[in-house]
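Chemist: whatever this is, show me its structure:
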Amino acid sequence: MISLWIIDRDALLCHDGAPFVLMLDQAPKGAISLGFGETHQAHYEPTAPLDPLPVTHALDAQIACDLGLIFPYGDGYDGKSVQNLRAVSFRELLNLFDQSTLHIISRAIMLVQWQNDHAYCSRCGTKTINHAQGEHAKVCPKCRHHAYPRVQPCIITAITRTHPQTGKPQILLALHHRHRTNGVYGLIAGFVEVGETLEMAAKREAFEEVGVRIDQLEYIHSQPWPYPSNLMAGFIARFQSGEIRVQAGEISDAKFFDLDDLPSIPKAGTIAHELIQHVIARHS
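Modeler: As a prediction, the model looks like this:
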């Protein structure tokens, strides 16, 4: 017996607010094991210290429809024994589950996206097949190219300083263009470029996005983030020098805020929220 989640792009199919778990005698074609390690043909056995989860596999919603396991209906789906399945985005799930569960949900989303993105060989265009020994790899039967799931490293940094006049602790927050309507101020973040260390990327992004230089970087925590397959590495750093100058194509506004007078910040469950709370706790 296997149990699986159904993934619709960046969303998990849910019923009455809870993840919909489909129980089957065996894994259907296209189902991806959520196990860790080199082979994934056995049942789900996490190698990370995670709580037990009632799920072993993930399946793309379109494949589930093609197999007759679910059926499109209105803005959602119906199953054979349950109706009104709704696709709930990962961002909507952040406040509903603990970090261990969120990590597995993000893994499910990223593995399904990887499967969809590598249906054909990127070198010669031949339709790929699954790895014969059960590894998470899409193999080209013609040129033998192997496409494995790739993680894209990103940095996210809480930049702090002491106000030069009042002596109050402050944090630099930025209003990204995508948050102009909701007014949420977040942290400086970006992708690590080829040949960079995480620290180099953090310093570059701080200068590119808001025109400041930073030092005393301290690694705090990381978070998998399925947009599309990122691993966010979170830092706290000290403002060193510079005047805030926002990158026009990325940032609408940026400024240092007193820790006791913050604007709207990212929701709980995000690494941005965790880093901000970490800074606040240090100064409480």
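
Chemist: going forward, measure contacts between C-alpha atoms and count neighbours the same way
Modeler: OK.

Chemist: quick one: the helices in the stretch 51-200 of the chain?
Modeler: Along the stretch 51-200 of the chain, the stretches classed as helices by DSSP state H, counting those that start in this stretch are 61-66, 90-93, 99-117, 198-210.

Chemist: extract the CA atoms of the shortest one and return them as CSV.
Modeler: Which is helix 90-93. Extracted in CSV, the C-alpha atoms of helix 90-93 (Å, rounded to 0.1, in the frame of the first residue of the first chain):
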residue,chain,number,x,y,z
PHE,A,90,2.7,26.4,-0.9
ARG,A,91,2.5,30.0,0.3
GLU,A,92,-1.0,29.5,1.7
LEU,A,93,0.2,26.4,3.6
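
Chemist: how about it: buried residues?
Modeler: Neighbour counts over helix 90-93 (16 or more other CA atoms under 10 Å) mark 90, 93 as buried.

Chemist: sorry, back to before: redo the helices of the stretch 51-200 of the chain as JSON lines? Include mean pLDDT and distance to Arg180.
Modeler: Shown next, in JSON lines, are the helices of the stretch 51-200 of the chain (pLDDT from 0 to 100; distance: least, CA to CA, whole Å):
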{"stretch": "helix 61-66", "mean pLDDT": "98", "distance to Arg180": "32"}
{"stretch": "helix 90-93", "mean pLDDT": "96", "distance to Arg180": "17"}
{"stretch": "helix 99-117", "mean pLDDT": "94", "distance to Arg180": "26"}
{"stretch": "helix 198-210", "mean pLDDT": "98", "distance to Arg180": "16"}
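
Chemist: beta partners for Lys127?
Modeler: Tyr120 (DSSP bridges).

Chemist: before we move on, the earlier item: just tell me which of the helices of the stretch 51-200 of the chain ends up closest to Gly125.
Modeler: Closest approach to Gly125 among these (CA to CA): helix 99-117, 12.2 Å.

Chemist: so how far is that closest one from its chain's centroid?
Modeler: 8 Å (CA atoms, centre = their mean, to the nearest Å).

Chemist: ok, residues contacting it?
Modeler: Residues outside helix 99-117 that contact it (CA atoms under 8 Å, 6 or more residues apart in numbering) are 5, 7, 9-12, 32, 34, 50-51, 53, 57-60, 90, 93-94, 138, 149, 223-226, 228-229, 269.

Chemist: isn't Pro54 right up against Ile2?
Modeler: No. If you go by CA atoms under 8 Å, Pro54 and Ile2 don't touch, sitting 9.3 Å apart.

Chemist: double-check that Ala272 belongs to a helix.
Modeler: Yes. Read with DSSP: H, G, I helix; E, B strand; the rest coil, Ala272 is one of the residues of a helix.

Chemist: quick check: it touching Pro266?
Modeler: Yes. Between Ala272 and Pro266 there is a contact at 6.3 Å, judged by CA under 8 Å.
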